[in-house]
Each structure stands twice: as structure tokens, then as C-alpha cells.
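1. Just a sequence and a predicted model for now, questions to come.
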Amino acid sequence: MIHRNAILKTTSMLLAGILAGGILVLGAGAQSPTPTGTPAQAAKPSPAIGAPYRNQPPKMANRARAFYGLVWGVESLSVKAVESGEIIRFSFYVIDADKAKTLNDKSLEPALIVPEKGVKLVVPALEQVEFLRQMSTPVESKSYWMSFSNSGRLVRRGDRVNIVIGQFHADNLVVE
């Protein structure tokens, strides 16, 4: 009789766990049940495992990645909030130096635009350092960066921004 009650209790816990989304906590000494359902359901990871979706920035589409590589000679475009959000750093990796010259052109003023907020950030010019960007001739297989002043912290992580440098436009980049 005791054995039968233990089986009924374990079965009811198992059913409650399945109905609650597959999360089941068993007491000490209990064996973990085998997954039920189709093999595809058993192979699907639980939503509780891993990092939450909201903390993972959306990845750039393959079409966009190919476009920036073929037309502008750059890839791995990223926008990050650094220095406690006071600076927004745009970085890129050069795969074709001739095509990427526009991004490091000294005569062009880069801008970071947040269309939803109506905000435009520029690269600050400091007295002793000059501009907070790299302006040397690009070299293949190297990463380059530029920093935009974000005083007032108007641009935050998760915002979608556009980078404009002359004819170069990188739209809908997510601030990490």
C-alpha cells in the first residue's frame, strides 16, 4: 500500500511538471523521469536553460553582412555602450582596404543617429587627442573604431541606431 501511494505521488508530480512546461524538481533520492512526447520535443531545450532572449542582441542578417562586405569592404559591425554609457563605440573589421577608405576619411564627419529619439551624436574633438576615431588608411584584417560622445546618456543599450559616414550608411544596428 505504501509503495502504491509513492508511485501515485511520483506520477502526479510528473504530470504536474509536464503541464507546467517541463520543469520538474524531484526530491532527494528520486530518479529523474525520462522525457515523454516526440523526439523533437525531447530534444528541444527548456526555455529556463541558457541566457534570456532579451539579453541577446539580434544578429545581423546574412544579406546585410554580405552587402557591407561586398560594397564597403567591412564586416563585424558592432555598436557598444562603454564607459558607463558615456561613450558609444562603433567598431568594424576591414576585409577590403580600398572599399573601406570612406570609413576612415578625415574630411567626412561620422554621425550616430537614433531616429526613434531624434538624437544625433558626433565624434568629439579633444584638445590634445583630436578626434576619438582612427583616421589612418585602413589595412585588411584589422579592426577599427570610433567613439561618439553620449553625454546625458540619451542612447542606451538596446536602442537601434544608424551610423552615417559620407555615403556609408549602416542602419538598424543594436547598441550592446
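-> Nice, I can see it.
2. And the strands in this protein, which stretches?
-> 74-82, 87-94, 111-114, 119-122, 125-126, 130-131, 143-149, 160-165, 168-174 (DSSP state E).
3. Check which helices and strands the second one is in contact with.
-> Read it as strand 87-94. With contacts defined as 3 or more Cβ pairs under 8 Å, 6 or more residues apart in numbering; DSSP states H and E, strand 87-94 has these neighbours: strand 74-82, strand 143-149. No exception for glycine: its C-beta is placed from N, CA and C like everyone else's.
4. counting contacts, what elements does the last one pack onto?
-> Applying 3+ Cβ pairs under 8 Å, 6+ apart, one finds that strand 143-149 makes contact with strand 87-94, strand 119-122.
5. Show me the contact partners of it.
-> Identification of contacts with strand 143-149 by Cβ atoms under 8 Å, 6 or more residues apart in numbering yields 76, 82, 86-94, 103-104, 110, 112, 121-124, 131-134, 138, 155.
6. Buried ones among those residues?
-> 87-94, 103-104, 110, 112, 121, 123, 131-133, 138, 155 (16 or more other Cβ atoms under 10 Å).
7. one step back: what about the helices and strands packed on strand 87-94, which gets the closest to N172?
-> Of all the helices and strands packed on strand 87-94, strand 74-82 sits nearest to N172, with 10.5 Å by Cβ to Cβ.
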